[in-house]
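In: No letters, just coordinates:
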């Protein structure tokens, strides 16, 4: 059976998360229903990463096997036609039978958007964490380079999900500010449960003056969840992109990188 | 009675337009209800321009008189607290009694966003005109400079609303493309009903090959609505900004210019 990879974007508010759950809307659920409608038999769909309820995706990647071959361009359109408006298939490619969306991922990139001003344009509200009181982002800028590299991120993981090995490597971390709009980028080899949201929530605590920068740096050498800050709300978080070698996509960079 | 100006952003899909209408949700209606709740008596609210059902605003300006003086910063917060999440007050200023949001406007700026690709990320769909088939935007780029200046835009006006004098001056017109994302800017001394939407709809016809560039240029010297193209859908249009001299706002440029 030929195997395909698809790049998927979705609005987090429409789903109880990526993973299929009984009686609750999930991205995996609507994708598998669309693929079953196309192929006439149940199709299992594997994602590069799970996203929680309310978390958006701009570049989630899934793979699946179909009983008969499809032209990837036609398959993209056919899948899109069977999906609700809150989900879109950005591109589809045929991949080797050994390709696995999750295990073959070299890195994942998340972005987090925050709006820091008393007023927020209503069009942006579903896609940002709106923090009304003024924060000191220069403190955060100074801390960010320390996040790069290999650290014990155990303090930045939901307690019940903390694995034995909580060391992860962040390849790229940045925070860009344009007026009240703040964009975080986190690219890493792997992420713990809620890691980006707890990192952003804790950095917001530093910017608010509720945590000393030194205390934040100490947490990167291991710590408890209770020592970190709050979990930032899901609607600011986007699962942005997944890196593979070789890339499954025909074009060297997917189109949405050009419009960021 | 002291007079105030407010800069207002709203999501067009939530309203039957700016103007108050019986038994239908309008931006003017919710603004006047909020002001009445604050002041205890009916308050009339005048907008710089009407927007049709489904059209967004990022910088609509309104003025109104209140029975007692307010600190503008507190007034902004109090108004925002009485409004639904689809409307936001970006800034408030006290203005001279002679200030009129509509008659004092030197220029108005509209922006129109278009997405030209088979796939469209779902987060953008409520804010763009999604055109799936490939278009030739270089033709449009060549035409745009001709739009600047004073022209008879009668062909780009909804027939029933066409005024005796359909000459208007466009001070700035541009079209920027980043991948599939196309942004139009139109700044002018005045706009006819549906003018921006008919201009964009007609330019899309040129880009599609359905209209010769020469035919488009001829329409700028006067013509009938039936000679122009279709009316682009409302959800791509944003009423972006209004220019006054002197500006009513304390800061030289409103904050959302910095985050465009």
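Out: Thanks, I have it. Please read all numbers here as calculations on a predicted model, not as lab measurements.
In: List the contacts of the nearest residue to residue A:223 once chain neighbours are set aside.
Out: Take residue A:223 and drop its neighbours on the chain: the residue closest to it by Cβ to Cβ, 6 or more residues apart in numbering or on different chains is residue A:155, 3.5 Å away. Where C-beta positions appear, they are placed from N, C-alpha and C, glycine not excepted. Residue A:155 sits next to A:198, A:219, A:222-225, A:227-228 when contact means Cβ atoms under 8 Å, 6 or more residues apart in numbering or on different chains.
In: Report the two of those separated the most.
Out: A:198 and A:222 (14.3 Å; Cβ to Cβ).
In: Which one of these two is surrounded by more residues?
Out: Applying other Cβ atoms under 10 Å in any protein chain shown to residue A:198 and residue A:222 shows that residue A:198 carries more neighbours, namely 23 against 14.
In: what helix or strand does the more buried one sit in?
Out: Per DSSP states H and E, residue A:198 falls inside helix A:195-208.
In: in the stretch 101-250 of chain A, what residue is nearest chain B?
Out: At 3.7 Å from chain B, residue A:179 is the closest residue in the stretch 101-250 of chain A, using Cβ to the nearest Cβ.
In: what bits of chain A have low per-residue confidence?
Out: A:251-260 (pLDDT under 70).
In: show me where it has helices.
Out: Taking DSSP state H, the helices of chain A run over residues A:27-39, A:72-81, A:137-147, A:195-208, A:213-219.
In: winner for burial among these?
Out: helix A:195-208 (a mean of 23; mean count of other Cβ atoms under 10 Å in any protein chain shown).
In: pretty sure residue A:250 is touching residue A:93, no?
Out: Yes: applying Cβ atoms under 8 Å, one finds residue A:250 in contact with residue A:93, separated by 6.4 Å.
In: Settle it for me: which of those two has more neighbours?
Out: Shown here are residue A:250 and residue A:93; by other Cβ under 10 Å, residue A:93 has more neighbours (20 against 11).
In: Contacts only, for the closest residue to the more buried one other than its chain neighbours.
Out: Of all residues not flanking residue A:93 in the chain, residue A:248 sits nearest, at 4.5 Å (Cβ to Cβ, 6+ apart). Contacts were defined as Cβ under 8 Å, 6+ apart; by that measure residue A:248 touches A:5, A:61, A:93, A:95, A:99.
In: at 10 Å instead, please
Out: A:3-7, A:61, A:63, A:72, A:91-96, A:99, A:101, A:104, A:242 (Cβ atoms under 10 Å, 6 or more residues apart in numbering or on different chains).
In: What of residue A:175?
Out: Here residue A:175 is in contact with A:112, A:114, A:137, A:140-141, A:143-144, A:147, A:182-186, A:200, A:203, A:207 (criterion: Cβ under 10 Å, 6+ apart).
In: same thing but 8 Å
Out: Contacts of residue A:175 (Cβ under 8 Å, 6+ apart): A:137, A:140-141, A:144, A:182-185, A:203.
In: which residues pair with it across the strands?
Out: Residue A:175 has these beta-bridge partners by DSSP bridges: residue A:184.
In: Show me what from the stretch 101-250 of chain A comes close to chain B.
Out: Applying Cβ under 8 Å from any Cβ of the partner chain, we find that the stretch 101-250 of chain A lies next to chain B at A:117-123, A:125-127, A:178-181.
In: at 7 Å what do you get?
Out: Applying Cβ under 7 Å from any Cβ of the partner chain, one finds that the stretch 101-250 of chain A approaches chain B through A:117-123, A:125, A:127, A:178-181.
In: Inside strands: which ones of those residues?
Out: Per DSSP state E, strands hold the following members of these: A:178, A:181.
In: List buried residues within the residues of the stretch 101-250 of chain A next to chain B.
Out: A:117-123, A:125, A:127, A:180-181 (16 or more other Cβ atoms under 10 Å in any protein chain shown).
In: Adding distance to residue A:38, write the residues you listed out as a markdown table.
Out: Below are those laid out as a markdown table (distance: Cβ to Cβ, whole Å):
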| residue | distance to residue A:38 |
| --- | --- |
| A:117 | 45 |
| A:118 | 48 |
| A:119 | 45 |
| A:120 | 40 |
| A:121 | 39 |
| A:122 | 37 |
| A:123 | 34 |
| A:125 | 35 |
| A:127 | 30 |
| A:180 | 44 |
| A:181 | 39 |
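In: May I ask which two of the residues you listed are separated the most?
Out: Once Cβ to Cβ is applied, those give A:118 and A:127 as the farthest pair, at 18.5 Å.
In: Name the nearest of the contacts of residue A:155 relative to residue B:51.
Out: Taking the contacts of residue A:155 together and measuring to residue B:51 by Cβ to Cβ, the closest member is residue A:198, at 41.0 Å.
In: Tell me the spacing between that closest one and residue A:48.
Out: Residue A:198 is 21 Å from residue A:48, where distance means Cβ to Cβ, to the nearest Å.
In: again with residue A:186
Out: Taking Cβ to Cβ, one finds residue A:186 at 15 Å from residue A:48.
In: can you check residue A:133 too?
Out: 36 Å.
In: more neighbours, the two?
Out: More crowded of residue A:133 and residue A:48, by other Cβ under 10 Å: residue A:48, with 26 against 8.
In: surely the more buried one meets residue A:104?
Out: No: the criterion here is Cβ atoms under 7 Å, and residue A:48 misses it with residue A:104 at 8.6 Å.
In: ok, residue A:231 - contacts?
Out: By Cβ atoms under 7 Å, 6 or more residues apart in numbering or on different chains, the contact set of residue A:231 is A:194, A:197-198, A:201.
In: In TSV: these, plus distance to residue B:167.
Out: Output for these, formatted as TSV (distance: Cβ to Cβ, whole Å):
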residue	distance to residue B:167
A:194	59
A:197	55
A:198	60
A:201	56
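In: Tell me the one among these nearest to residue B:212.
Out: Taking Cβ to Cβ as the measure, residue B:212 lies nearest residue A:197 of the contacts of residue A:231, at 53.9 Å.
In: so that closest one makes contact with residue A:238?
Out: No: Residue A:197 is beyond contact range of residue A:238, at 11.7 Å (criterion: Cβ under 7 Å).
In: Is the closest residue to residue A:186 other than its chain neighbours bridged to anything, and to what?
Out: With sequence-adjacent residues excluded and distances taken as Cβ to Cβ, 6+ apart, residue A:186 is closest to residue A:110, at 4.9 Å. Assessed by DSSP bridges, residue A:110 has beta-bridge partners residue A:186, residue A:239.
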